[in-house]
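# Need a 3D model of the sequence below.
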Amino acid sequence: MNIDLDRIDYEILVLLQKNARRSNKELAAAVGLAPSSCLARVQRLRDGGVLKGFHAEVEPEYLGIGLQSLIAVQLQKHSRTMVKAFWKHVLGLPEVLAVYHVTGEYDFQIHVAVRDAHHLRDLALDAFTTRPEVSRIATSLIFESIRKTELPKL
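As a prediction, the model looks like this:
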């Protein structure tokens, strides 16, 4: 569904990206709408697929995550069948946080979260190098990361 967004829709999106726990009453006041009108707009944005979800950011260490990494994966052959099979496989791995199908020397960049270096080694060996689609991998440790929660309005 294609939705035309106006200035107020953009304001709502910016505010929700900064704090998705904001009440409808607070949101309505911030954008200058009646609460019922604001709620209808948010529902339209949800129904239209503009708002895909609301998430809580959790400190990784509290979940036993001690290390994050990017795993670059080069496929044996870049065929639709191999790409689909690989997507299905990696999306089923609990350690996978994000998957990027990219151009360049490697076909995928996969962001993973693991307990430690031993867990990363086992994941690389058991979940990636054993796959028939995979030609080779390269692993990069993430020392620090900052993720912006607000998308730019282009």
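# Angles on the backbone of the residue of the chain positioned farthest from its centre, please.
The centre of the chain is farthest from one residue, Ala34, which by CA atoms, centre = their mean lies 32.6 Å away. Phi and psi for Ala34, reported as degrees, to the nearest 10, are phi -70, psi 150.
# That one touches Leu27, doesn't it?
No - using CB atoms under 8 Å, Ala34 is not in contact with Leu27, being 11.4 Å away. (C-beta placed from N, C-alpha, C; glycine too.)
# next helix or strand past whichever strand or helix holds Gln17?
Gln17 is part of helix 7-18, with elements assigned from DSSP states H and E. Per DSSP H and E, the first helix or strand lying C-terminal to helix 7-18 is helix 24-31.
# contacting residues around the following helix or strand past that following helix?
Next helix or strand after helix 24-31 toward the C-terminus (DSSP H and E): helix 35-47. The contact list for helix 35-47 (CB atoms under 8 Å, 6 or more residues apart in numbering) reads 1, 3, 8-9, 12-13, 16, 24-25, 27-28, 31, 33, 51.
# list the buried ones in helix 35-47?
Neighbour counts over helix 35-47 (16 or more other CB atoms under 10 Å) mark 38, 41-42, 45 as buried.
# and what of stretch 137-147?
Ile137.
# now that stretch, how far from the centre of its chain.
Centre-to-centre, stretch 137-147 and its host chain are 15 Å apart (CA atoms, centre = their mean, to the nearest Å).
# From the opening residue of that stretch to its closing one, how far?
Terminal residues of stretch 137-147 are spaced 24 Å apart (CA to CA, to the nearest Å).
# No further queries at this time; thank you.
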